[in-house]
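Q: Sequence below, structure please.
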Amino acid sequence: MFHLFHLGPLTFSPRRAWLVGAIDEHGGFVEPVVKEDLGEALERIVDELGDEEVALEPALAAFAPGLGVPVAPLPSYLADAPAVLAFSAVNAHESLPMGTGIRAFLEACRDYGSVAPWGRYRADQPILVHILARNRRTTREALVLGGNGEPCGLALYDRPGDALRCLGVLRTGDTRAARKWDAITLAFGAEPAWALSAIRTAFSLPEFPSVFRTRRGQVRATTEVELGALAVTLGAVALLASEPAGSEEPVESVLDVDGHEYRAIAVPPGAPSSLDPPPLSTSASRDQPRVRDTSAQDRGSRLRLPRREDLN
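A: Here you go, the predicted structure:
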């Protein structure tokens, strides 16, 4: 059984379009369809599914008689499918596993936003972060964004020291020059409204999370591993921001996505630290960083999402 749902309208002055997605009972998506006419989009995706059983979400009930298919709500365990698809489409994630990794990231965004770390840390207070992402260890630097009037979010720089260098350039207004420092950036915003509506419904996020990767002067979408590394960093910084003021103890966040382990140890700004990462813990103890453990279960399959230019 495939459940069909829609997102939109996607507004491109003077046009608008609709995005129709389909997901099966196991959480596997098929390639979505984007068309200016919602009825045509539904007809196309039903035709492409052939003899498969299909059900329309209740909001599409008016199209059911013409298509000859029943109406049924998305099962509760698939209720966040529109949000996952909206995030993927806006952030141009064409080949990420649908569901699990994105779901874990959106949950991390919710937890990060609920702590509001920009009320505690300024953008000129870099946080050293030791990361384990699928057996690869790196030491990076995070900046909490939002404390100085910029959009709230977080920037995760590949190399310690780059955060303040980039910040200095950004303060001159030269955003293009700032691209030479490799980083993954998360910024929350009010647009696009159609995507924010889906995200807010499923994850209670007040703003939409836009994510992009700068590397060697180019801007591109994040990979699956980069998104996981950012998600576990959000968890560590959120945990750090919830610690008592003046604490100099590092904290550790743990995330499991489809059996792949992600860990991040965050060191408070100004605390004694070393670029050599401490041992990443296997269990919490008094001598180890405080640990926050989350996991995500596999409900997705791989999919080619529409390219950003397809939505223009």
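
Q: buried ones in the helix or strand hosting residue 186?
A: Using DSSP states H and E, residue 186 sits in strand 183-189. Within strand 183-189, the residues scored as buried using 16 or more other Cβ atoms under 10 Å are 183, 184, 185, 186, 187, 188. In this view, the C-beta of every residue, glycine as well, is placed from N, C-alpha and C.

Q: same question, stretch 214-221
A: Neighbour counts over stretch 214-221 (16+ other Cβ under 10 Å) mark 214, 221 as buried.

Q: Quick one: distance of it to the chain centre.
A: Its chain's C-alpha centre and that of stretch 214-221 lie 17 Å apart, by Cα atoms, centre = their mean, to the nearest Å.

Q: looking only at pLDDT, what's the mean for that stretch?
A: Taken as a whole, stretch 214-221 has a mean pLDDT of 85.

Q: again, but for stretch 20-38
A: 91.

Q: List the buried residues in that stretch.
A: Buried, per 16+ other Cβ under 10 Å, within stretch 20-38: 20-24, 27-30, 32-35, 38.

Q: try stretch 168-187
A: For stretch 168-187, by 16+ other Cβ under 10 Å, it's 169, 170, 178, 179, 181, 182, 183, 184, 185, 186, 187.

Q: Please report how far the first one lies from residue 126.
A: Right, residue 169. From residue 169 across to residue 126, the span is 15 Å (Cβ to Cβ, to the nearest Å).

Q: same thing with the fifth one?
A: Separation of residue 181 from residue 126 (Cβ to Cβ) stands at 12 Å.

Q: Mutual contacts of these two, please.
A: Both residue 181 and residue 126 are contacted by residue 157, under the criterion Cβ atoms under 8 Å, 6 or more residues apart in numbering.

Q: Straight-line length of stretch 182-194, end to end?
A: 30 Å (Cα to Cα, to the nearest Å).

Q: where exactly do the strands run in this structure?
A: 2-12, 15-24, 33-35, 54-56, 127-133, 136-145, 153-157, 183-189, 208-215, 218-220, 251-257, 260-267, 290-296 (DSSP state E).
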